[in-house]
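J.: What follows is a predicted protein model with its sequence.
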Amino acid sequence: MISSNNPIPLHIQLRKIIEKNINQGIYKSKIPSERELMEAYSVSRSTVREAVSHLVIDGIVEKRHGKGTYIARKPVHYWLGNLISTTKSIENMGMQPGTKLINHGIVTVPAEVKEAIALAQAYLIKRVRYADDMPIAIETQYYPIEIGEKLAKLDIKSGTLYDLLEDEMSIQLHDADEVITSKPISKEDAKLLNIKENSNTLHLDRFVYDINGDLIEYCMADYHPGMYAFHFKSQRLKK
């Protein structure tokens, strides 16, 4: 809550609360009115207006005359049918990509994953992906140990893994099978994505193969439900 005893100015405290509520999906398409914010947080109209003006300047919200203040952040779009990296998808939306490495190393493959990729052990790389400093996805990627160990010697903290595989390791990626579902996210990962516990995310399972048909990567990705959109392009077959 907002406190006058806090050395941080009231409008900045309020701005952080509003932005947090946007990121966690508490505010869907628009934020509360000035009056509602004043009553909810016991602050003056000038404090509300200053907080909102900063959000407008940063492009997080936009005012629509006579309609209110709407959330302006656009979701990152991923076109299914195109095997491109998350980094490239974010850049295509005119946003700045970022990465935080959470964990990597050789692991015993969980039973449900072992069944999918037929590996008892694999090299795991888990990273949080950001767009304009906002967490939008958690990617947990499994590689055959030999490939993973070589990959880990490269810039996996911030590099684009597909580029590293192709440009630095001369592995020619060819195609992928992808399945999208909706799944509840773990408590730990909810914190990483800055969303509510027990939230459902857009969940992607991706199997990536090289030109010889060998499995190079199995990726389990959980996407922020309010910041990621999958696009399909379909064509009706003629009878």
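T.: Thanks, I have it. Numbering: from 1, shown residues only.
J.: if we look at stretch 18-33, which residues are touching it?
T.: 37, 40, 51-52, 55, 60-61, 68-71, 73, 134, 194-196, 199, 225-226 (C-beta atoms under 8 Å, 6 or more residues apart in numbering). From N, CA and C alone the C-beta is placed, and that goes for glycine too.
J.: what about it, average pLDDT?
T.: Stretch 18-33 comes out with an average pLDDT of 83.
J.: Spatially central residue in the chain, please.
T.: In the chain, the centroid-proximal residue (C-alpha atoms, centre = their mean) is residue 136; its distance is 1.7 Å.
J.: Averaging pLDDT per element, find the lowest-scoring helix or strand in this protein.
T.: Within the chain, confidence by mean pLDDT, DSSP states H and E is lowest for strand 76-79 among all helices and strands, at a mean of 63.
J.: circling back: list buried members of the contacts of stretch 18-33 by neighbour count.
T.: Neighbour-count burial (16 or more other C-beta atoms under 10 Å) applied to the contacts of stretch 18-33 gives 37, 51-52, 55, 60-61, 69, 71, 73, 134, 194-195, 199, 225-226.
J.: Cross the residues you listed against strands and list the overlap.
T.: 61, 69, 71, 134 (DSSP state E).
J.: Residue 61 is in contact with the third one, correct?
T.: Yes. Counting by C-beta atoms under 8 Å, residue 71 sits close enough to residue 61 to count as a contact (5.8 Å).
J.: Are we agreed that residue 123 is in a strand?
T.: Yes. Looking at residue 123 with DSSP: H, G, I helix; E, B strand; the rest coil, it is inside a strand.
J.: the strands in the protein, which residues?
T.: According to DSSP E, the strands that the chain contains are 61-64, 68-71, 76-79, 97-108, 121-131, 134-143, 173-184, 200-210, 215-223, 228-231.
J.: Export the ones you listed as a markdown table, with columns for distance to residue 161.
T.: Shown next, in a markdown table, are those (distance: least, C-beta to C-beta, whole Å):
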| stretch | distance to residue 161 |
| --- | --- |
| strand 61-64 | 34 |
| strand 68-71 | 31 |
| strand 76-79 | 16 |
| strand 97-108 | 10 |
| strand 121-131 | 7 |
| strand 134-143 | 7 |
| strand 173-184 | 10 |
| strand 200-210 | 10 |
| strand 215-223 | 8 |
| strand 228-231 | 18 |
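J.: where among those strands is the average confidence lowest?
T.: Minimum mean pLDDT among the strands of the chain: strand 76-79, a mean of 63.
J.: how does the protein divide into domains?
T.: The chain is divided into the following domains under automatic domain parsing: 10-71, 76-231.
J.: Please convert those to CSV, extending it with distance to residue 2.
T.: Converted to CSV, the domains of the chain look like this (distance: least, C-beta to C-beta, whole Å):
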stretch, distance to residue 2
domain 10-71, 5
domain 76-231, 20
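J.: do you know which of those domains lies nearest residue 4?
T.: domain 10-71 (6.9 Å; C-beta to C-beta).
J.: May I have the distance across that closest one, first residue to last?
T.: 21 Å (C-alpha to C-alpha, to the nearest Å).
J.: Check the offset of it from the chain's centre.
T.: What separates the centre of domain 10-71 from the centre of its chain is 23 Å, taken as C-alpha atoms, centre = their mean, to the nearest Å.
J.: now swap in stretch 141-148 and tell me
T.: Chain-centre distance of stretch 141-148: 22 Å, with C-alpha atoms, centre = their mean.
J.: Just the buried residues of that stretch, please?
T.: 141, 142, 143, 144, 147, 148.
J.: I figured the third one hits residue 217, correct?
T.: Yes. Contact status for residue 143 versus residue 217: in contact at 5.7 Å, counting by C-beta under 8 Å.
J.: OK, contacts around the closest residue to residue 129 other than its chain neighbours?
T.: The spatial neighbour of residue 129 that comes closest, neighbours along the chain excluded (C-beta to C-beta, 6 or more residues apart in numbering), is residue 137 at 4.3 Å. Residue 137 is in contact with 86, 128, 129, 193, 221, 222, 223, 224, 228, counting by C-beta under 8 Å, 6+ apart.
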